Structures are given as C-alpha cells and as structure tokens.
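**Student:** 3D, please:
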Amino acid sequence: MNRRSDCPLNVGLEIFGDKWTLLIIRDLMFFNKRYYNEFISSEEGISTNILADRLELLEKQGMVRKEKCLEHKQKILYKLTEKGIDLLPLIIEIGFWVEKNADEELDPNKEVILGPFRENREKGFQQIREKLRKDHLEKEGL
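**Tutor:** Numbering: from 1, shown residues only. Next up is the predicted model:
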C-alpha cells in the first residue's frame, strides 16, 4: 500500500479514514450482520460499490474474512478475525467520546454498543471479546 507517511496515525486514517469501514466493523460486532445484503440495509445507507470496496479492504487488511455459508452455498458470510476483534476498544472509545462531546441527542439504541462498558470497561471488553471470538472464530477452530 502506498502511504503518505509511516506515521501510525496516518496509516490508521488511511485504513479507517472514512465512516464506512468502522460502520461495517460495528455492524459485525454489535448487530450480528454477516451477509452483504444485511450491511446494505444499515440505516446509514452505504452504496453497493462502496460496501464491496470496504469489505475487500477489510479482508486485505486481515480484519475480516469471508467464507461460504453452509446453509446457502451461493451466499458469502463475513466474519471478524482476531485482528478485527482487536478494534473493539477503538469503537467503544469513539462512542464514549462522541457521547461526551455531541451537540445533539444521540439515538437511545447507543446502549447496544456502550451499555456493557458503562460500569466497568475492562469487564465489558472481556465479555464482548469472548462473545466475538465465539461468534466469529470458534467454528473455524481459530
């Protein structure tokens, strides 16, 4: 990948510099979306060409893997890798920062994401990581 610089923040922004990439990760983590059409149905309204591009980027970066669905052989299932699961703290901290600094009222559904981390962040991280590993990695024996 050609980069403007090797600064860690620059590299991160080149990977996550648009809203779609982190929203796809969010949907995989918290809304149990696994299929292309499920991502398309997200309320943010991602276009098909952008979704295809971001899924390909996430796969190339090793954060998402795709596999054939056992029930529907023609469908592709998307799952997080360990590297993708490692983004959990980033997603949560962005959410808490926005909640603290937002100028307007946020959707009450934010608790689906932030709720498990309110009382004890470390415990929340541990519980959600275990769930994500079970949902995304366990079946493959990873």
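
**Student:** pLDDT weak spots in this protein?
**Tutor:** Scanning the chain for pLDDT under 70 picks out 1, 3, 139-142.

**Student:** wait, Ile76 sits on Cys69?
**Tutor:** Yes: with contact defined as Cβ atoms under 8 Å, Ile76 and Cys69 form a contacting pair (6.9 Å). In short, each C-beta sits where N, CA and C put it, glycine included.

**Student:** list residues touching both of these two?
**Tutor:** Residues touching both Ile76 and Cys69 (Cβ atoms under 8 Å, 6 or more residues apart in numbering): Tyr35.

**Student:** most centrally placed residue in this structure?
**Tutor:** For the chain, the residue nearest the mean C-alpha position is Ile25 (1.1 Å; Cα atoms, centre = their mean).

**Student:** quickly note the distance from the spatially closest residue to that residue that is not a sequence neighbour to Leu70.
**Tutor:** What sits nearest to Ile25 in space, not counting adjacent residues and going by Cβ to Cβ, 6 or more residues apart in numbering, is Leu87, at 5.5 Å. Distance, Leu87 to Leu70, using Cβ to Cβ, to the nearest Å: 26 Å.
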